[in-house]
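Visitor: would you be able to build a 3D model of this:
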Amino acid sequence: MSHLTRDACLTLDRDDPTAALRAQFALDKADADGLVYLDGNSLGPLPRTASARVRQVVDEEWGGGLIRSWNDAGWIALAPRIADKIARLVGAGAGEIVVADSTSVNVYKALSAAMTIAAADAPARRTILSERTNFPTDLYIADTIARERGCRLQLVDADDLVGAIGVDTAIVLLTHVNYQTGRMLDMMAISRAAHESGALVIWDLAHSAGALPVRLHGDGTPATAADFAVGCGYKYLNGGPGAPAFIWAHPRHTRRMEGAEWRQPLAGWFGHAAPFDFTADYRPAPGIARFACGTPPVISLAALECGVDTVLAAEAVGGLAALRDKSLALTDQFIELLEQRCAGHGLSIATPRRRDQRGSQVSVAHAAGAYPIVQALIARGVIGDFRTPDIMRFGVVPLYTRFVDVWEAVDRLRQILESGEWREERFQIRRAVT
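Guide: Below is the predicted model of the structure:
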């Protein structure tokens, strides 16, 4: 890809076997306005099918069917159906995932469950281990659980993770792809290290589910499999703002929970074995179903299913492996163009150059002006985002990101840096959402 030109990028897009997948999204206005959207790692764009589907749920199923739609329109089966679709994207089996609640709530459920198992098997283990730049909500929840259980939360650098797993480690809680840098951890190797040391491992898939292949069952052996996982519905799964999240537990754990009549900490009525019996006593549902809690959000679920279907559509052109190949080519191009066209302006690439350590984003540090540079880019029609203290993030989503989008983004960034327009006062004003 040496010295890529815009025309060369257009040729790459023309020859791209996954190019037709972009048509699934309502990006016509963005294209007409010359907008380059590189924030799908925060919020995926609107699937074309979602508007009509949500209107159908609201106008026909809710408006006409009223409460009958729980049965007649299949609302009651919506969350399990979507869960099984997500399972195909993360290397899980049918019936192993629950779609419910938010990522934060599901982290709490997973950590509570794992701590209960650890307390039964190895009560002397009193540490939750995580990476110090893990997504804050995971660390906040972990700190809460540690305080509740009289344990401690230990934070280390990513390079020190495996060495830090010790005889006191009960749980290893990690995000597969770091939200700031885009660094991807070796899920199977770390899971194996945790298990060999006697610890359990929980993976947050917020920045990997739907963007790249995930293998929750590892290579098929217990040593390399995850124990629990959670994930987000509104990033690479394109489910819309605030879309429901998901939670997974290895079947060996859910089978054990059944034998012990164990309950997850948020034992709501939809996690009951027979919710419409309305009994006063709580009987956990079998398997992963006990990790449900309250009433499913039907309108949000309808939109989420449309989003998940956009990712599953890639199965016709090579699936997640094909998307991964394109993602790596796009991020390779992004890094190369940044180095060629933006040198000498104080930028440093925070995303690993090693392909096996890279998620589906490019993060760039600028000590003096990351926030105003992002605002200046948005004004020029390139939407990325800023993360404290000095990171500019650019999500590369192979379902709809084009090679020419990357070229345009870097070209406009070059113009901003060379002109110094990012120093203008209007770009210094901090907005509520960055």
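Visitor: nearest residue to the middle of this protein?
Guide: Among the residues of the chain, the one closest to the centroid is A206, at 1.8 Å (Cα atoms, centre = their mean).
Visitor: separation between that residue and R55?
Guide: 29 Å (Cβ to Cβ, to the nearest Å). C-beta here means a position set from N, CA and C on the backbone, and glycine is covered the same way.
Visitor: how about A260?
Guide: Note on A260: its distance to R55, by Cβ to Cβ, is 45 Å.
Visitor: do E131 as well
Guide: For E131 relative to R55 (Cβ to Cβ), the value is 42 Å.
Visitor: please identify which of the two sits among more neighbours.
Guide: The residue with more neighbours, out of E131 and R55, is E131; 23 against 12, by other Cβ atoms under 10 Å.
Visitor: distance between the helix or strand that contains A118 and the chain's centre?
Guide: For A118, the host element (DSSP states H and E) is helix 103-121. Relative to the centre of its chain, helix 103-121 is centred 19 Å away, using Cα atoms, centre = their mean, to the nearest Å.
Visitor: what's the first helix or strand after it?
Guide: Next in sequence after helix 103-121, counting helices and strands by DSSP H and E, comes strand 127-131.
Visitor: can you give me the angle that next one makes with helix 103-121?
Guide: Relative orientation of strand 127-131 versus helix 103-121 (axes from the mean of the first three to the mean of the last three Cα atoms, to 10 degrees): 140 degrees.
Visitor: check which helices and strands strand 127-131 is in contact with.
Guide: Applying 3 or more Cβ pairs under 8 Å, 6 or more residues apart in numbering; DSSP states H and E, we find strand 127-131 packed against helix 136-149, strand 152-156, helix 161-164, strand 169-175.
Visitor: buried sites along it?
Guide: Neighbour-count burial for strand 127-131, counted by 16 or more other Cβ atoms under 10 Å, picks out T127, I128, L129, S130, E131.
Visitor: again with stretch 83-99
Guide: Of the residues in stretch 83-99, 83, 85-92, 95-99 count as buried by neighbour count, 16+ other Cβ under 10 Å.
Visitor: ok, residues contacting the lowest-mean-pLDDT helix or strand in the chain?
Guide: Counting by mean pLDDT, DSSP states H and E, the weakest-scoring helix or strand in the chain turns out to be helix 251-260, with a mean of 88. Outside helix 251-260, the residues within contact range by Cβ atoms under 8 Å, 6 or more residues apart in numbering are 93, 96, 113, 117, 222, 227-228, 262, 284, 286-288, 290.
Visitor: let's see that with 10 Å instead.
Guide: Contact partners of helix 251-260, identified using Cβ atoms under 10 Å, 6 or more residues apart in numbering, comprise 92-93, 95-96, 113-114, 116-117, 120-121, 200, 217, 222, 225, 227-228, 248-250, 262-264, 284-291.
Visitor: any idea of the angle it forms with helix 103-121?
Guide: Going by the same axes, to 10 degrees, helix 251-260 makes 70 degrees with helix 103-121.
Visitor: now the next helix or strand after helix 251-260: buried residues?
Guide: The helix or strand immediately downstream of helix 251-260 is helix 298-312, counting by DSSP H and E. Under the neighbour-count criterion of 16+ other Cβ under 10 Å, helix 298-312 has 298, 300-311 buried.
Visitor: elements contacting helix 298-312?
Guide: Applying 3 or more Cβ pairs under 10 Å, 6 or more residues apart in numbering; DSSP states H and E, one finds that helix 298-312 contacts helix 48-55, helix 75-90, strand 97-99, helix 319-341.
Visitor: returning to that earlier point: contacting residues for the residue nearest to the centre of the chain?
Guide: A206 neighbours (Cβ under 10 Å, 6+ apart): 41, 103, 107, 135, 137-138, 175-177, 179, 230-237, 245.
Visitor: from V433, how far out is it?
Guide: Noted for A206: a distance of 17 Å to V433, by Cβ to Cβ.
Visitor: could you find the closest non-adjacent residue to A209?
Guide: Counting by Cβ to Cβ, 6 or more residues apart in numbering, A209 lies nearest to G231, which is 4.3 Å off, once chain neighbours are set aside.
Visitor: I misspoke; the intended subject was P265.
Guide: Nearest one to P265, counting by Cβ to Cβ, 6+ apart, is S112 at 4.2 Å.
Visitor: read off the pLDDT value for that neighbour.
Guide: On pLDDT, S112 comes in at 96.
Visitor: number of residues surrounding it?
Guide: For S112, the neighbour count with other Cβ under 10 Å is 19.
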